[in-house]
Structures are given as C-alpha cells and as structure tokens.
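Model the structure of this input:
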Amino acid sequence: MKTKEQADLLQQGVNTWNNWREKNTHFIPNLQKIKLRKANLSHANLSGADLRGADLFESTLSGADLCEANLSEANLFLVNFLTADLSRANLRRADLCGANFFAAHLCGADLRGADLSGANLREANLSGADLNGANLSRADLRGANLIGARAIETNFEQALLTGVSLEDWKIDSRTNLDSAICSYVYLKGQHRERRPSGREFAPGEFVELFLAKELIAL
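Prediction:
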C-alpha cells in the first residue's frame, strides 16, 4: 500500500485505521511527511509507524499507541499526547513546543535535540529516555519519572522539577539548570528517599546539589 493510500485510510477515522491494522499486523505504516494538522487521532494504533517529518500541528493523540514509532524532525507543536504510549519512540529533533505529555509513557524514548520548551510533562514516565541536547526550558516536569534518563547538555532553564524521581539520571556541567524551580525530589522510584527530608530546597540549593553531584543527607 502506497503512502498516500495509508494517509487516506487514516483520514477516514481512527476506528477504520485501527481495524485495518488489526488485520495487517505485520505491516509497518509509512506516513513520512504526512500533513494532518489539528486532526483527532485519539487512541490511534500508530505503533512502529514511520512518521518522520510529519506535520501534526495541534493534533490530538491522547491515548494513542506510538510505541517505537519514528517521529524524528516532526512538527508536533501543541500536540496533545495525554496518557499516550511513546515508549522507545524516536523523537529526535522534533518540535514539541507546548505539547501535552501529561501521564504519558516515554520510557526509553529518543528525544535528543528535541524542542520541548513549555511542554507539559507532569507525571510522565521518562525512565531511560535520552534527553541529551534537548530543550526543556519552562517545561513542567512535576512528578515525572527521570530514573536512568540521560540529560547531558539538556536545557532545564526555568523548568518545574518539583517531585521528580532522579535515581541514576545522568547530567554534567553542560546541563543547564539555571532558574529551575524545585521544592524537593526523590532519589529512588516509588517516591522513596525524598530530598530534602522534612523541608523544601532553599533558593538555588537544588542546582548546587545536583550539579556538584553531592547527594548529602539533608
């Protein structure tokens, strides 16, 4: 099936698309550079799909299955990914400004060089995600799972980081935490080992603590 035929099928509606995928389980959708601005694709089965360079500006993909999909360099500005599964998805250099990832699954996702400025990542699962070189300035990451995430040269300027789980995350001196807002974090999963215990970080204390990698008992 040609790319245009697949795009036409998707435009017929999620139910039609999902039924077709159920009958063609071994077919990998090729939707490169598809233009579906402001489309409603809630709960669409797009697992493994090739969506490189797609234009999904302001579309709704809440609850969608995008596991292992390739969305590199896609226009995903203001897209709603509420509770969507993007596990192991390729989102390299994608435009994700202002996107809503509330409670979304991004474990193992490749977000290198992606623009997530102003994105809502509250309670998102980013465990094992590659955030190297990504822009998360002003992003809301409250309660997010960053266990094992890689964040070398990542920009967290003015990001909200209160309540994040940071076990084994990887940062270095090039990671930008300037003006990051954080009252407390968890050093282990399942909200274990809260730091600081029994109080909140003083202004600048979070940045000083983690850039120095001094996980002292507070």
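
ok now do F81, which residues does it touch?
L61, S62, A64, L66, A99, N100, F101, A104 (Cβ atoms under 8 Å, 6 or more residues apart in numbering). Quick note: C-beta positions are derived from backbone N, CA and C, even for glycine.

out of the residues you listed, who has the most neighbours?
Greatest neighbour count in those, by other Cβ atoms under 10 Å, goes to A104: 30 neighbours.

Nearest to Y184 among the contacts of F81?
Closest approach to Y184 among the contacts of F81 (Cβ to Cβ): F101, at 21.7 Å.

Report the contact partners of that closest one.
Per Cβ under 8 Å, 6+ apart, neighbours of F101: F81, L82, A84, L86, A119, N120, L121, A124.

still on that earlier bit, now tabulate the contacts of F81 in TSV and tack on pLDDT and distance to S42.
What follows is the contacts of F81, written out as TSV (pLDDT from 0 to 100; distance: Cβ to Cβ, whole Å):
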residue	pLDDT	distance to S42
L61	98	7
S62	98	5
A64	98	7
L66	98	12
A99	98	15
N100	98	12
F101	98	15
A104	98	13
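
Strands along the chain, start to end?
Using DSSP state E, the strands of the chain run over 185-188, 192-195.

closest one to D110 among those strands?
Here strand 185-188 is closest among the strands of the chain (Cβ to Cβ), at 24.2 Å.

What is the closest one packed up against?
With contacts taken as 3 or more Cβ pairs under 8 Å, 6 or more residues apart in numbering; DSSP states H and E, strand 185-188 sits against strand 192-195.

and with 10 Å instead?
strand 192-195, helix 205-211 (3 or more Cβ pairs under 10 Å, 6 or more residues apart in numbering; DSSP states H and E).

buried ones in the last one?
I take that to be helix 205-211. F206, V207, L209, F210 (16 or more other Cβ atoms under 10 Å).

Can you work out which other helices and strands pack against that helix?
Looks like helix 205-211 contacts strand 185-188, strand 192-195 (3+ Cβ pairs under 10 Å, 6+ apart).

Can you say which of those is packed in most?
Mean neighbours per residue, mean count of other Cβ atoms under 10 Å, is largest over the helices and strands packed on helix 205-211 for strand 185-188, with a mean of 18.

residues making contact with that one?
143, 145-147, 161-169, 192-196, 201, 206, 209-210, 215 (Cβ atoms under 10 Å, 6 or more residues apart in numbering).

Now with 8 Å, please.
By Cβ under 8 Å, 6+ apart, the list of residues contacting strand 185-188 from outside reads 161-167, 192-195, 206, 215.

same check, this time on stretch 160-172
139-154, 177, 180-189, 191, 206, 210-211.

From start to finish, how long is it in a straight line?
19 Å (Cα to Cα, to the nearest Å).

any idea of the mean pLDDT in that stretch?
Averaging pLDDT along stretch 160-172 gives 96.

picking up where we left off before, how about the helices and strands packed on helix 205-211, which one is nearest R112?
When the helices and strands packed on helix 205-211 are compared by Cβ to Cβ, strand 185-188 sits nearest R112, at 23.4 Å.
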